[in-house]
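# heads up, no residue letters with this:
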């Protein structure tokens with residue numbers, strides 16, 4: 001029994017410690033600093049400090065980053081791209097009371113029926129397809145377009161090939 005335990009303890013030690021190539025590298029505020037207005041970061045690496053490394057984000061994300069960033073950030077390589085993942089502690093928003101409720105029944109023949117009986121069947125899509133002159137082929141293209149819209153609306157077509165976008 002003692003030999004089995006010793007063998008189990010020895011086995012993990014014989015394999016060298018390795019890291020996944022796509023594992024995240026955590027950085028705290030001592031090793032990575034953010035210059036949000038300039039959209040750059042400064043990263044402390046084994047080869048020294050890398051200054052002015054550009055990052056991209058939307059204006060809303062930049063405002064949230066400047067106001068609410070907290071704690072460590074992770075550097076990750078996914079699908080050939082380097083990503084910086086920052087933790088933002090955003091406060092909860094106030095909950096508002098709704099003015100009313102709307103019940104919707106999703107169906108096949110009628111895409112949606114509201115609780116007051118109004119039906120939404122997608123006929124506007126078919127009307128658009130009939131009246132549209134998509135493409136340069138004239139009536140044949142319009143007919144093909146209408147048939148495809150009908151298939152999608154009635155569940156015969158896949159979402160990936162939807163002509164509706």
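Okay, I see it. Just so we're clear, the structure is a prediction, and the values are computed from it rather than from any experiment.

# how about the strand ranked longest in the chain: buried residues?
The longest strand of the chain (DSSP state E) is strand 69-78. Of the residues in strand 69-78, 73, 75 count as buried by neighbour count, 16 or more other Cβ atoms under 10 Å. Every C-beta, even on glycine, is put in place using the N, C-alpha and C of the backbone.

# And for stretch 22-29?
residue 27.

# For stretch 34-49, give me every contacting residue.
Outside stretch 34-49, the residues within contact range by Cβ atoms under 8 Å, 6 or more residues apart in numbering are 27, 30-33, 50-57, 62, 65-66, 69, 73, 75, 84, 86.

# Going by neighbour count, which of these are buried?
27, 31, 32, 55, 62, 65, 73, 75, 84, 86.

# residues near the nearest residue to the second one once chain neighbours are set aside, how many?
Put plainly, it is residue 31. Excluding the flanking residues, the one nearest residue 31 by Cβ to Cβ, 6 or more residues apart in numbering is residue 44, at 4.3 Å. Look at residue 44: counted by other Cβ atoms under 10 Å, it has 13 neighbours.

# on that earlier part again, between which two of the buried ones among the contacts of stretch 34-49 is the distance greatest?
Farthest pair in the buried ones among the contacts of stretch 34-49 (Cβ to Cβ) is 31 and 62. Separation: 21.2 Å.

# by contact count, what packs against the longest helix belonging to the chain?
Longest helix of the chain, by residue count under DSSP state H: helix 139-153. Contacts defined by 3 or more Cβ pairs under 8 Å, 6 or more residues apart in numbering; DSSP states H and E place helix 139-153 against helix 123-131.

# so for the helix it packs on, what's the average pLDDT?
Helix 123-131 shows a mean pLDDT of 55.

# Where does the residue nearest to residue 31 sit: helix, strand or coil?
Using DSSP: H, G, I helix; E, B strand; the rest coil, the structure places residue 44 in strand.

# shaky segments in this structure?
1, 5, 7, 9-15, 107-110, 120-142, 155-165 (pLDDT under 70).

# make it 80
For the chain, the stretches with pLDDT under 80 are 1-22, 101-165.

# Report the beta-bridge partner residues of residue 53.
residue 41 (DSSP bridges).

# OK, contacts around it?
Per Cβ under 8 Å, 6+ apart, neighbours of residue 53: 40, 41, 42, 43.
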